[in-house]
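> model this:
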Amino acid sequence: MNDLHRSKPLPVDMEEVARVNVDLGTRIEQEGVEFAYDSDGDTLFATIGEKPRYALTEEIMGNIYVRIDPGTLKIVGATVFDFMADFLAHNRLAQKAFAGFFDLLRQEGTIMVEGTDARVRVAPIFEAILKLS
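Numbering: from 1, shown residues only. Have a look, this model is predicted:
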């Protein structure tokens with residue numbers, strides 16, 4: 001039986017994921033991040049680069065999950081439940097990163113953040129989430 005047909009996924013070594021993702025800021029700058037917000041469920045979905053792609057989902061803490069490419073261990077996205085009620089309300093880094101475009105995200109449903117803006121505003125959030133693991 002090959003690895004793709006296992007009934008239980010292999011555990012993800014988050015220390016290895018952290019080592020493999022030292023280029024996370026650069027990748028976010030080059031590939032961009034698409035944000036989608038579900039106001040009914042107060043859930044934020046973030047996807048780095050192209051989509052859709054197969055990924056493992058790993059709980060980091062509480063309501064924060066990262067999506068990891070199983071072949072490369074590169075982080076390809078994140079999901080944050082209770083985004084407004086908990087994550088944004090209690091996280092100054094996230095408040096700073098989303099200042100100026102969260103209202104647009106709520107109105108439009110999805111936005112793409114690219115280039116230097118992505119590196120400066122978004123990459124620190126992903127890097128902080130990775131350090132929580």
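
> quick check: the residue nearest the centre of the chain vs Asn63, distance?
Geometric centre of the chain, nearest residue: Ala78, 2.6 Å, by CA atoms, centre = their mean. From Ala78 across to Asn63, the span is 11 Å (CB to CB, to the nearest Å). Where C-beta positions appear, they are placed from N, C-alpha and C, glycine not excepted.

> ok, Ser39 next?
Relative to Asn63, and taking CB to CB, Ser39 is found at 16 Å.

> that older thread, ok, now which ones touch the residue nearest to the centre of the chain?
With contact set as CB atoms under 8 Å, 6 or more residues apart in numbering, Ala78 has these partners: 44-46, 64-67, 126, 129.

> then Val17?
Contacts of Val17 (CB under 8 Å, 6+ apart): 58, 66, 68, 73, 75, 130, 133.

> for the nearest residue to the third one once chain neighbours are set aside, give me its contacts.
For Ile68, the nearest residue in space outside its immediate sequence neighbours is Leu56; the separation is 4.9 Å by CB to CB, 6 or more residues apart in numbering. Contact analysis of Leu56 by CB under 8 Å, 6+ apart lists 9, 12, 67-70.

> just checking, what's the longest helix in this protein?
In the chain, ranked by residue count with DSSP state H as the criterion, the top helix is helix 123-132.

> what does it rub up against?
Everything outside helix 123-132 that qualifies as a contact, by CB under 8 Å, 6+ apart, is 17-18, 21, 24-25, 28-29, 46, 48, 60-61, 64, 66, 75, 78, 93-94, 97.

> could you redo the last one with a cut-off of 10 Å?
14, 17-18, 21-22, 24-29, 33, 46, 48, 60-62, 64-66, 75, 77-78, 80, 87, 91, 93-94, 96-98, 118 (CB atoms under 10 Å, 6 or more residues apart in numbering).

> which of those fall in helices?
14, 17-18, 24-29, 93-94, 96-98.

> now the buried members of these.
Neighbour counting with 16 or more other CB atoms under 10 Å marks 14, 17-18, 24-25, 27-29, 94, 97-98 as buried within the ones in helices among the contacts of helix 123-132.
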